[in-house]
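Engineer: I would like to see how this sequence folds:
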Amino acid sequence: VVHYHNTPQSFAALLSKAKKYADSHPDQPKLITINAWNEWVEGSYLLPDMLYGFEYLEAVREVILEGKYDRY
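Structural biologist: Numbers count the residues shown, from 1 in each chain. The predicted structure is shown next:
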């Protein structure tokens, strides 16, 4: 899937759909592949930046842990 006009919020929505799919198929490995950690040139990265800060990483945490984490 190629995702255009990416924001942390739209990324979280797409990741949530992928997680729901994985959760609804228990016979398959629970694996979600995220394209890149630091592919700055292609605009595909999770690393903190000046525009969104840690929001992409926070989106991963929020979706995967379903909000069940201790912030401190």
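Engineer: before we move on, which element is the residue positioned nearest the centre of the chain in?
Structural biologist: In the chain, the C-alpha closest to the average C-alpha coordinate belongs to Val60, at a distance of 4.1 Å (Cα atoms, centre = their mean). Here Val60, judged by DSSP states H and E, is contained in helix 55-65.
Engineer: Restrict that helix to CA atoms and write it as PDB.
Structural biologist: Extracted C-alpha coordinates of helix 55-65, given in PDB (Å, rounded to 0.1, in the frame of the first residue of the first chain):
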ATOM      1  CA  GLU A  55       4.000  11.800  16.700                       C
ATOM      2  CA  TYR A  56       4.700   8.900  14.300                       C
ATOM      3  CA  LEU A  57       6.300   6.800  17.000                       C
ATOM      4  CA  GLU A  58       3.500   7.800  19.400                       C
ATOM      5  CA  ALA A  59       1.000   6.600  16.800                       C
ATOM      6  CA  VAL A  60       2.700   3.200  16.600                       C
ATOM      7  CA  ARG A  61       2.600   2.900  20.400                       C
ATOM      8  CA  GLU A  62      -1.000   4.100  20.600                       C
ATOM      9  CA  VAL A  63      -2.300   1.700  18.000                       C
ATOM     10  CA  ILE A  64      -0.300  -1.400  18.900                       C
ATOM     11  CA  LEU A  65      -0.800  -1.100  22.700                       C
END
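Engineer: Run through who's touching it.
Structural biologist: Here helix 55-65 makes contact (Cβ atoms under 8 Å, 6 or more residues apart in numbering) with 8-9, 11-12, 15-16, 19, 34, 45-48, 69. No exception for glycine: its C-beta is placed from N, CA and C like everyone else's.
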